[in-house]
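# Sharing a sequence plus its predicted fold:
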Amino acid sequence: MNALLFLLFIIVGYLLLLKVRLKKPTIRQFLISLAAAGVVLFVSSVFSFSNLDFSGRLIPFFLVLVISEEIIFRGVLDDLIGLWQIPLYALVMPFVYSTPFFLTFLALLVEGGVATIIKRRINLSSAIVYRIALLFFFVVVQLSNFFVQESFILVLALLLGWKGSKTLQNLSFNGFKKKHLIEGAFVFLVLFSLLIAMAFVLYNFNLLDTQNVANIIEKQNGFDLFMAVTLGPVAEELFFRGFLQKRIGVFLTSVVFALLHTGYGSIAEVLGAFIASMVFGWWVKKHDDVAPTIIAHAFYNMLSILSII
């Protein structure tokens, strides 16, 4: 990071703070900012910007810098020169960050464009929240891409299912009760029985390639494995069963869910994900309650991990 340019932007940005109005974002606006940060992280990864190594010592400096950037470019310059502030932002900031110019320029065009849309459609405060969230995601993805992925799925579910205080109920979640442990165990046993039958068929056709899955799981760190049995099942069930299934049905939701597991390079994993989604979908369609499927999903992930490690 260029220390002199950094100090200049901090001084100018926080002096201009006196001339801008900041409103507290609503919960829905906060979720929109988080979702936008997740989308930009994905797009930026195409340019390899999200793979840049962020030193832990620099995180506080980046935090105060992104706030200053938004005040200068979105809070002031957007009102003075309009959309020209976006390419100006993308041209100037790589020199402050001291990062590869071309990659950073492309990523900042995307970041600045989205920040401008949020500022114009919502408010400057939400644009600042978006930039802070994006910084957080950039840092965390160095430690756990799975955590960022599942967090994004959870935010997306909450945002798309937004009904104010009734959002979770609208996503078929009414809290965990004692009966859900029994129901979750039942759903898991149904799923486990079907997966055993699937494995038997694949084995006889010499298609049981679960070793591909095992190879990937063995490479994951402990934090990612913990997320796979905690945050993962919650986020995925709320989105796929609580939201998406109500729009496109059990079968198509299961197809989408299965396709998202193709990264394992395993036929068994894709078919297993499809069967799991069909079982979970059947339960939620019949009972309109994702709590048991969250538990069953967590059981399944935990059993899969324990059988490998």
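Perfect, I can see it now.
# The closest residue to I275 other than its chain neighbours: how many residues sit nearby?
Leaving aside its sequence neighbours, I275 sits nearest to L194 (CB to CB, 6 or more residues apart in numbering; 5.3 Å). Every C-beta, even on glycine, is put in place using the N, C-alpha and C of the backbone. For L194, the tally of surrounding residues (other CB atoms under 10 Å) stands at 15.
# What helix or strand is L194 located in?
helix 178-204 (DSSP states H and E).
# Would you mind measuring from D79 to R131?
Separation of D79 from R131 (CB to CB, to the nearest Å): 18 Å.
# just to revisit the earlier point, relative to the whole chain's centre, how far out is the helix holding L194?
Relative to its chain's centre, helix 178-204 lies at 28 Å (CA atoms, centre = their mean, to the nearest Å).
# State whether the residue nearest to I275 and F274 are indeed in contact, as I suppose.
No - counting by CB atoms under 8 Å, L194 does not reach F274; the two are 10.5 Å apart.
# Need the pLDDT of E218.
pLDDT recorded at E218 is 89.
# let's number from 29 now, not from 1
I'll keep to 29 as the first residue from here, and by that count the last item is E246.
# Contacts only, for the spatially closest residue to it that is not a sequence neighbour.
Computed as CB to CB, 6+ apart, the closest residue to E246 that is not its neighbour in sequence is I336, at 6.3 Å. Residues near I336 by CB atoms under 8 Å, 6 or more residues apart in numbering: 241-242, 245-246.
# Low-confidence regions, the stretch 79-228 of the chain specifically.
Scanning the stretch 79-228 of the chain for pLDDT under 70 picks out the ranges 79-84.
# which stretches of it form helices?
For the stretch 79-228 of the chain, the helices defined by DSSP state H, counting those that start in this stretch occupy 87-97, 106-109, 113-125, 129-149, 152-168, 173-188, 195-198, 206-232.
# out of those helices, deepest packed?
Ranked by mean neighbour count, the helices of the stretch 79-228 of the chain are led by helix 152-168 with a mean of 22 (mean count of other CB atoms under 10 Å).
# what's the distance between that one and the middle of its chain?
Mean C-alpha position of helix 152-168 versus that of the full chain (CA atoms, centre = their mean) differs by 13 Å.
# what's it in contact with?
With contacts defined as CB under 8 Å, 6+ apart, helix 152-168 is touched by 48-53, 57-58, 60-62, 64-66, 68-69, 78, 80, 82, 87, 90-91, 94-95, 97-99, 102-103, 139, 142-144, 146-147, 175-176.
# Check the spacing between F34 and F129 real quick.
Distance, F34 to F129, by CB to CB: 17 Å.
# actually G250, not the one I typed
37 Å.
# Just the ones in helices from the contacts of I336, please.
Within the contacts of I336, residues falling in helices by DSSP state H are 241-242, 245-246.
# Which of the residues you listed are buried, as a PyMOL select command?
Buried members of the ones in helices among the contacts of I336, defined by 16 or more other CB atoms under 10 Å, are picked up in PyMOL with:
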select buried, resi 241+242+245
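# May I see the ones in helices among the contacts of I336 organised as JSON lines, with distance to G41 added?
Converted to JSON lines, the ones in helices among the contacts of I336 look like this (distance: CB to CB, whole Å):
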{"residue": "V241", "distance to G41": "48"}
{"residue": "A242", "distance to G41": "50"}
{"residue": "I245", "distance to G41": "45"}
{"residue": "E246", "distance to G41": "46"}
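# thinking again about what came up before, quick one: which two of the contacts of I336 are the most distant?
Farthest-apart pair in the contacts of I336 is V241 and E246; separation 9.6 Å (CB to CB).
# And the helices in the stretch 229-337 of the chain, which stretches?
238-246, 250-256, 259-264, 273-287, 295-315, 319-336.
# Mind listing what's buried along the last one?
This points to helix 319-336. For helix 319-336, the neighbour count (16+ other CB under 10 Å) marks 319-329, 332-333, 336 as buried.
# go on, the fourth one?
Buried residues in helix 273-287, counting neighbours by 16+ other CB under 10 Å, are found at 273-274, 278, 281-283, 285-286.
# Which two of those have the greatest separation?
Across those (CB to CB), the longest gap, 18.6 Å, separates K274 and A286.
# any idea how far the closest residue to V312 other than its chain neighbours is from D316?
Closest residue in space to V312, ignoring its immediate chain neighbours: R269 at 4.4 Å, by CB to CB, 6+ apart. Applying CB to CB, the value for R269 to D316 is 10 Å.
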